[in-house]
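Here's a sequence, model it:
(one chain, ligands or ions: 1)
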Amino acid sequence: MIPELPFPLEGKRVFVAGHRGMVGSALLRRLAREGCETLTISREHVDLRNQAAVDRWFNEARPEVVFLAAARVGGIHANDSRPGEFLYDNLAIAANVVEAAHKCRVEKLLFLGSSCIYPRLAPQPMPESALLSGPLEPTNEWYAIAKIAGLKLCQAYRRQYGCDFVSVMPTNLYGPNDNFDLESGHVLAALLAKTDAALKEGRKIVEIWGSGRPRREFLYVDDLADAAVFLMKTWSEEEPINIGAGSDLTILELARLIADIVGFKGRFAFDPSKPDGTPQKLLDVSKLSALGWRPRIGLDEGTRQTYDWYRTQQMASS
Ligand code: GDP
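Okay, the predicted model is just below:
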């Protein structure tokens with residue numbers, strides 16, 4: 001049965017799948033204000049790629065609400081070089097959690113996808129209707145196919161079994177708990193780490209992968225968590241809904257903003273042996289804006305907060 005809106009979270013048992021990741025940990029921070037009981041599971045205890053293990057856990061814990069934020073994630077290089085992991089792990093996690101949620105009669109599930117589900121050359125900004133209207137960007141098609149399958153699972157279970165399962169499509173995210181590894185991280189965290197290291201080591205050059213010309217949109221992860229909780233309470237449709245910041249910039253502009261924040265006075269060099277990926281990724285957020293949601297943390301402020309978090313972690317580990 002599809003419950004009425006708004007869907008209340010207060011007093012509910014809410015499972016955050018993927019709580020140790022950047023998105024899951026932001027969801028836990030945000031849900032602390034909702035008066036609900038949050039449930040999490042550790043990877044060592046339950047492998048979400050194993051249906052029997054997931055079923056067992058759902059039967060014991062009996063969650064009423066699920067945020068499906070668990071995923072195998074990574075930047076352009078990780079995505080491109082580990083296609084098997086990105087496709088299998090993400091397909092398995094989505095299928096197992098959606099099926100278990102259906103069997104345990106979870107009242108509502110929200111699946112987190114990605115803006116890379118849209119075609120490489122989709123009209124910009126990209127509306128939800130661009131889904132499956134053209135070929136995908138090859139550097140992240142494995143991840144994109146799994147995320148498309150995840151959103152289709154939600155639609156299919158909604159149609160066949162009447163489950164209140166919805167999908168949201170966030171733009172590129174960043175913030176505390178991001179992956180700052182230079183090989184496997186996304187651009188914002190990787191450039192923060194590279195620029196910080198160059199400053200500390202007195203190097204004058206920071207390397208940017210590709211041409212620096214692709215355009216990307218960035219949303220601070222606490223804004224994403226706020227939007228996801230907002231949509232859990234107010235959104236119940238078969239179609240996915242985009243979550244974005246509403247504006248984008250080039251990778252070179254991002255690198256300059258990071259240099260300003262870090263205090264790096266050197267220059268940038270480009271590595272053309274690395275892929276640019278899709279030329280532009282900017283989401284059309286008119287559906288979300290019409291519901292009354294707006295992001296609160298701009299790119300400058302969010303990047304400063306992320307850099308502070310990174311430095312605190314570094315100090316703690318040194
Ligand atoms: P994408 O949005 O799926 O392409 O993922 P990324 O965040 O990994 O990359 C975004 C853009 O930033 C691509 O054009 C990358 O080539 C570019 N980029 C520039 N320098 C870096 C870097 O050091 N790391 C990463 N991950 N991307 C970089």
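
Need phi/psi at Gly185.
The phi/psi pair for Gly185 (degrees, to the nearest 10) reads phi -80, psi 170.

need the helices for this structure, in chain order.
Listed in chain order, the helices of the chain (DSSP state H) span 22-31, 51-61, 76-81, 83-103, 141-161, 187-201, 221-234, 251-262, 286-290, 299-317.

Could you check the fifth one against the ligand for contacts?
When you say that, I think you mean helix 141-161. No: judged by CB under 6 Å from any ligand atom, helix 141-161 stays clear of the ligand, getting no closer than 8.3 Å. (Each C-beta comes from the backbone N, C-alpha and C, glycine too.)

ditto for stretch 196-211
Yes: applying CB under 6 Å from any ligand atom, one finds stretch 196-211 in contact with the ligand at 208-210.

distance between the helix or strand bottoming out on mean pLDDT in the chain and the chain's centre?
When each helix and strand of the chain is scored by mean pLDDT, DSSP states H and E, helix 76-81 comes last, with a mean of 91. Distance, stretch centre to chain centre, for helix 76-81: 16 Å (CA atoms, centre = their mean, to the nearest Å).

Mind telling me which residue of the stretch 51-200 of the chain is nearest the ligand?
Per CB to the nearest ligand atom, Gly75 is where the stretch 51-200 of the chain lies closest to the ligand, at 2.9 Å.

Run a quick neighbour tally on that residue.
23 (other CB atoms under 10 Å).

Ok, Asp260 next?
14.

how close does it get to Lys12?
To Lys12, Asp260 is 43 Å away according to CB to CB, to the nearest Å.

for the residue lying farthest from the centre of the chain, what are its contacts?
Centroid-distance maximum for the chain: Gly202 at 33.6 Å, with CA atoms, centre = their mean. By CB atoms under 8 Å, 6 or more residues apart in numbering, the contact set of Gly202 is empty.

Give me the local confidence score for it.
Turning to Gly202, the model gives it a pLDDT of 98.

quick one on the thing from earlier: and the residue nearest to the residue of the stretch 51-200 of the chain closest to the ligand when sequence neighbours are not counted, how many neighbours?
Spatially, and ignoring its direct neighbours in sequence, Gly75 is nearest to His186 (4.3 Å; CB to CB, 6 or more residues apart in numbering). Residues near His186, counting by other CB under 10 Å, number 23.

Quick check: the gap between His186 and Ile251.
11 Å.

Who are the contact partners of Ser115?
126, 169-172, 217, 242, 244, 281, 283.

does Tyr143 really touch Asn90, like I thought?
Yes: look at Tyr143 against Asn90 with CB atoms under 8 Å: they come within range, at 6.3 Å.

out of those two, which sits in the busier spot?
Legend: neighbour count by other CB under 10 Å for Tyr143 and Asn90, higher for Tyr143 (29 against 24).

ok, for that one, nearest residue in space, not its chain neighbours?
Closest to Tyr143 by CB to CB, 6+ apart is Phe86, at 4.7 Å.

Wait, that neighbour touches Ile145, no?
No: Phe86 is beyond contact range of Ile145, at 9.0 Å (criterion: CB under 8 Å).

So if I had to pick from the two, which one is more boxed in?
Neighbours were counted for Phe86 and for Ile145 using other CB under 10 Å; Phe86 has more, 25 against 18.

show me where pLDDT drops low in the stretch 1-150 of the chain?
1 (pLDDT under 70).

what's near enough to touch the residue nearest to Tyr143?
72, 74, 78-79, 140, 142-143, 146.

what about Gly246, distance to Phe218?
From Gly246 to Phe218 the distance is 11 Å (CB to CB).

residues from this protein in reach of the ligand?
75-76, 116, 140, 172, 185-187, 190-191, 208-210, 214, 216, 251, 274-277, 281.

Any chance of a PyMOL selection covering the buried ones in these?
A single PyMOL command selects the buried members of these (16 or more other CB atoms under 10 Å):
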select buried, resi 75+76+116+140+172+185+186+187+190+191+208+209+210+214+216+251+275+276+277+281
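
Distance check, the spatially closest residue to Glu85 that is not a sequence neighbour against Gly292.
Nearest non-adjacent residue to Glu85, counting by CB to CB, 6+ apart: Arg72, 5.6 Å away. Counting by CB to CB, the separation of Arg72 from Gly292 is 33 Å.

swap in Leu131?
In terms of CB to CB, Leu131 sits 24 Å off from Gly292.

of Gly246 and Phe218, who's got more company?
Between Gly246 and Phe218, counted using other CB under 10 Å, the more crowded position is Phe218 (23 against 17).
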